[in-house]
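> sequence and computational prediction follow.
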Amino acid sequence: MRELSTIQGVNLCSNDYLGLSTDPRLKESLQEGLEYSERISATGSRLLSGHHAVWDELEARFAAFAGTEAALFFNSGFAANTGLLSALLGPGDVVFSDALNHASIIDGIRLSGVHKVIYPHGDLNFLADAMRGHSQTSGSRVIVTESIFSMDGDRAPLNELFQLAARYGAEIIVDEAHATGVCGPHGRGLVAELGLAQEALAVVHTCSKALASAGAVICGSKTLKQFLINHARSFIFSTALPPYLAFQVRAALQLINPMEAERDHLASLSTRLRERLRSEGFDCGARDSHIVPLMIGSNAAALDLAMALQERGFAVRAIRSPSVPPGTERLRLSLTARLTMSDIDRFMDSVLAVSALDISHG
Ligand SMILES: Cc1ncc(COP(=O)(O)O)c(C=O)c1O
């Protein structure tokens with residue numbers, strides 16, 4: 001049984017990767033939005049009474065950020081993915097989806113009724129075979145992947161995925177939720193880093209994580225934007241977020257641009273944590289990012305370890321199956337630029353102390 005609780009202690013389970021959630025400049029931007037907006041509520045969906053010029057401006061900024069022609073704001077990343085995939089895909093099409101894609105991608109695919117091929121995580125050979133097998137399909141073929149995977153913290157092989165898409169006449173959709181603000185030039189994501197934004201059918205950036213706000217933006221062509229305004233049910237049939245929130249997102253987008261020092265610090269924290277975990281024999285995956293999975297391997301052991309670390313002052317959460325495949329139950333350690341090296345060292349001391357009590361180890 002899952003229960004809700006507020007976090008206490010050193011936060012190692014937050015998606016506030018750049019530490020902006022407590023930034024006074026974001027609070028000021030919200031105040032500005034409150035003063036500027038005549039009404040405090042959107043009052044309707046964007047297609048009815050809920051549109052406001054501030055959303056147009058924000059979307060133009062996001063298109064420039066992502067390197068695409070246009071962008072469309074959704075109320076959450078979950079709404080963006082379900083709206084996008086269920087609108088674009090249908091029976092007769094084929095989607096190729098990484099086995100570790102987020103629940104919002106899975107649900108969007110389910111809603112669409114598309115024929116789906118779930119390829120083993122990052123397995124390019126499997127994917128190439130499957131794409132070859134479906135190359136005569138008359139409908140569209142679409143690869144969908146996260147850029148930084150939310151639970152494992154590893155990177156999708158984006159270059160190769162774009163190449164496969166080009167070779168087999170497929171489109172590609174990339175969810176940058178955990179890369180937005182953190183990876184790529186000025187935090188513009190991994191697709192922008194590769195200069196491939198124009199090649200993607202859609203790039204999804206969330207505003208709820210490093211941007212410390214709410215909502216998400218689907219970036220792509222003007223045609224895609226127009227199509228989504230007319231077909232994405234989570235856009236059409238949902239009240240828009242209040243206009244003042246657009247001020248906060250806009251400020252966050254500006255703030256992340258020069259935060260190279262924070263991005264570097266975050267990378268150093270991640271490297272330190274992984275090195276220390278590995279040197280003590282823990283399995284924390286083969287890759288490096290600000291999301292560090294501490295693999296435990298059973299729900300009970302993951303819960304016990306989480307509880308023991310919480311008692312020592314660290315806010316950590318067990319991620320259990322079925323949220324992750326059985327046998328890969330873990331603590332998902334997500335770091336933020338507000339942490340210090342000594343937080344990491346104190347955390348490691350606690351992990352070792354708890355392990356010495358034989359609560360859990362690998
Ligand atoms: C990869 C990915 N996509 C989408 C979402 C949903 O974003 P939001 O929390 O804004 O609904 C998440 C949330 O954790 C995610 O990890």
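Yep, that arrived. What you see is a predicted model; the values in this text were computed from it and never measured. Residues are numbered from 1 along each chain as shown.

> when you work out contacts or count neighbours from here on, use the C-alpha atoms and nothing else.
Will do.

> stretch 293-305 close to the ligand?
No. Stretch 293-305 stays clear of the ligand (C-alpha under 6 Å from any ligand atom), getting no nearer than 14.0 Å.

> list the residues that contact the residue of the stretch 51-200 of the chain found nearest the ligand.
In the stretch 51-200 of the chain, the residue that lies nearest the ligand is residue 77 (3.3 Å; C-alpha to the nearest ligand atom). Counting by C-alpha atoms under 8 Å, 6 or more residues apart in numbering, residue 77 touches 104, 177, 204, 205, 206, 207, 208, 215, 216, 217.

> pull up the per-residue confidence for the nearest residue to the fifth one once chain neighbours are set aside.
Distances taken as C-alpha to C-alpha, 6 or more residues apart in numbering put residue 216 closest to residue 206, at 4.0 Å, once the chain neighbours are dropped. Reported pLDDT at residue 216 in the predicted model: 99.

> could you do residue 93 as well?
Per the predicted model, pLDDT is 98 at residue 93.

> what is the neighbour count of the nearest residue to it once chain neighbours are set aside?
Nearest residue to residue 93 in three dimensions, chain neighbours excluded: residue 139, at 4.4 Å (C-alpha to C-alpha, 6+ apart). A count of neighbours around residue 139, defined by other C-alpha atoms under 10 Å, yields 15.

> next: the one 4 residues further on.
By other C-alpha under 10 Å, the residues close to residue 143 number 25.

> hang on, it in a strand?
Yes. Counting by DSSP: H, G, I helix; E, B strand; the rest coil, residue 143 is part of a strand.

> which ones are touching it?
With C-alpha under 8 Å, 6+ apart, residue 143 has these contacts: 95, 96, 97, 161, 165, 170, 171, 172, 173.

> check contacts around the residue nearest to residue 206.
Residue 216 neighbours (C-alpha under 8 Å, 6+ apart): 73, 74, 75, 76, 77, 80, 204, 205, 206, 207, 208.

> among those, which are located in strands?
Those of the contacts of residue 216 mapping onto strands are 73, 74, 204, 205, 206, per DSSP state E.

> show me where the stretch 151-300 of the chain has its helices.
158-167, 190-194, 222-231, 233-236, 243-256, 260-279, 299-311 (DSSP state H, counting those that start in this stretch).

> out of these, nearest to residue 90?
Residue 90 lies closest, by C-alpha to C-alpha, to one member of those: helix 222-231, at 12.3 Å.

> and that closest one, what does it pack against?
The contact analysis (3 or more C-alpha pairs under 8 Å, 6 or more residues apart in numbering; DSSP states H and E) places helix 222-231 against strand 70-74, helix 77-88, helix 233-236.

> can you tell me which of these is packed in deepest?
Mean neighbour count (mean count of other C-alpha atoms under 10 Å) peaks for strand 70-74 among these, with a mean of 27.

> that one pairs with which strands?
strand 216-220 (antiparallel) (DSSP bridges).

> relative to helix 243-256, how tilted is the partner strand?
70 degrees (axes from the mean of the first three to the mean of the last three C-alpha atoms, to 10 degrees).

> so can I have CSV of the helices and strands packed on helix 222-231 showing mean pLDDT and distance to residue 195?
Formatted as CSV, the helices and strands packed on helix 222-231 follow (pLDDT from 0 to 100; distance: least, C-alpha to C-alpha, whole Å):
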stretch, mean pLDDT, distance to residue 195
strand 70-74, 98, 16
helix 77-88, 98, 22
helix 233-236, 98, 28
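
> next, format those as a markdown table and append distance to residue 147.
Below are the helices and strands packed on helix 222-231 laid out as a markdown table (distance: least, C-alpha to C-alpha, whole Å):
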| stretch | distance to residue 147 |
| --- | --- |
| strand 70-74 | 18 |
| helix 77-88 | 14 |
| helix 233-236 | 23 |
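
> coming back round to it: okay, the contacts of residue 77 in a markdown table with distance to the ligand next?
Listed next are the contacts of residue 77 as a markdown table, based on distance: C-alpha to the nearest ligand atom, whole Å:
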| residue | distance to the ligand |
| --- | --- |
| 104 | 6 |
| 177 | 5 |
| 204 | 8 |
| 205 | 8 |
| 206 | 5 |
| 207 | 6 |
| 208 | 5 |
| 215 | 5 |
| 216 | 6 |
| 217 | 10 |
